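Trainee: Coordinates only, no sequence provided:
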């Protein structure tokens, strides 16, 4: 038996009401939401809500079969809602055999309202994203699953390793110090309307 809500939101209207309440409480964005190439239109009410509150929506594309979870659907949403702020997560699908991350760079370069979160993406993907879209729409991501990074676990822990690995990818990228600052925190602060001084 297939789960009723395998990848996305079974009832977008109910999701919108839950999200609306969270946004009224001060949430700075919506995510992680995930759809497929065939059901991405279910995201439209969520994107419209994000536009109403002027917050970004984070779309995850990290798991599942490529045909179902390729990042292309984020481009379709970006085209339908050019004023929405959309974050294409998981480096566009860095674990996909055929390189969803490269498709993500094309989407990033095509749509000015798309941001790319580079969690676990290779150095080459960061360089390509900067080259084709500039550093101001690239966001650091680490897949760090801890609500408080001070609860650091030993280096063998997957999350700690990914955090270290992703910081190194940015450090090794062909970017200037100013571009690295944008990627590591300034872009996210601007997008989420945070005062970081």
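Mentor: That came through fine. Remember, it's a predicted structure, so these values are computed and weren't measured experimentally.
Trainee: ranges for the helices of this structure?
Mentor: 12-24, 44-53, 66-69, 72-80, 100-110, 123-133, 158-172, 177-181, 187-192 (DSSP state H).
Trainee: how about low-confidence regions in the protein?
Mentor: In the prediction, the chain carries residues with pLDDT under 70 at positions 1-9, 62-69, 94-100, 143-161, 197.
Trainee: ok, the nearest residue to residue 111 once chain neighbours are set aside to residue 171 distance?
Mentor: With C-beta to C-beta, 6 or more residues apart in numbering as the measure, residue 78 is the residue that lies nearest to residue 111, at 3.8 Å, once sequence neighbours are left out. Any C-beta I mention is one placed from the backbone N, CA and C, and that applies to glycine too. Computed as C-beta to C-beta, to the nearest Å, the residue 78 to residue 171 distance reads 29 Å.
Trainee: Comparing these two, which shows the higher neighbour count?
Mentor: Taking neighbours as other C-beta atoms under 10 Å, residue 78 and residue 171 compare with residue 78 leading, 22 against 11.
Trainee: Distance of that one relative to residue 102?
Mentor: On the measure of C-beta to C-beta, residue 78 and residue 102 end up 17 Å apart.
Trainee: what does residue 129 give?
Mentor: Following C-beta to C-beta, the distance that separates residue 129 from residue 102 is 10 Å.
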